[in-house]
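K.L.:
Sequence plus predicted model, see below.
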Amino acid sequence: MTARQARRGVAHDRPSGPDGQKTQGVLTFAALGRLVVRRRKLVLALTGVFLILAAVVGGGIFERLKSGGFLDPNAESAEAEELLDDQFAAGQPDLVLLVEVDGGDVDAPEAVAAAPTAPSGWPPRTT
């Protein structure tokens, strides 16, 4: 190791690739690391300036962002919600069941007979 390398903090045995050649990526990151350490006050000052600039530029972004309205109006869930609102005026449902019957109607007597029954007392009556 030369005296200049010792002053710069350069190790004599730099990492090398499988063919024994010095790898460019490792050398690049080593040079970047040395630069950041040598200019640490400048890097810290630039980071502070960037943080303040980002706060000024991005401060009003929250007012322009939406927090809703991303539902697909053609989705089955949106159609079910519209049907529930139109038919029952029930508000937001706690549970929605999608029932399909092979080759028939869900209101057919066979489908009704095959459906599991709710526990006794369900749904609770509030009169």
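P.N.:
Yep, it's here. Keep in mind that what you see is a predicted model, and the values were worked out from it rather than measured. Numbering: from 1, shown residues only.

K.L.:
Show me which helix runs longest in the chain.
P.N.:
helix 40-58 (DSSP state H).

K.L.:
mind listing what's buried in it?
P.N.:
Along helix 40-58, no position meets the burial threshold by neighbour count (16 or more other CB atoms under 10 Å). (Glycine included, C-beta is placed from N, CA and C.)

K.L.:
which is the next helix or strand following the helix or strand bottoming out on mean pLDDT in the chain?
P.N.:
Least confident element among the helices and strands of the chain, by mean pLDDT, DSSP states H and E: helix 3-8 (a mean of 60). Under the assignment DSSP states H and E, the closest C-terminal helix or strand after helix 3-8 is helix 24-38.

K.L.:
That following helix - what's its average pLDDT?
P.N.:
This predicted structure assigns helix 24-38 an average pLDDT of 86.

K.L.:
buried stuff in it?
P.N.:
Neighbour-count burial for helix 24-38, counted by 16+ other CB under 10 Å, picks out A30.

K.L.:
Taking their axis directions, the longest helix of the chain and helix 24-38 sit at what angle?
P.N.:
Here the directions of helix 40-58 and helix 24-38 differ by 90 degrees (axes from the mean of the first three to the mean of the last three CA atoms, to 10 degrees).
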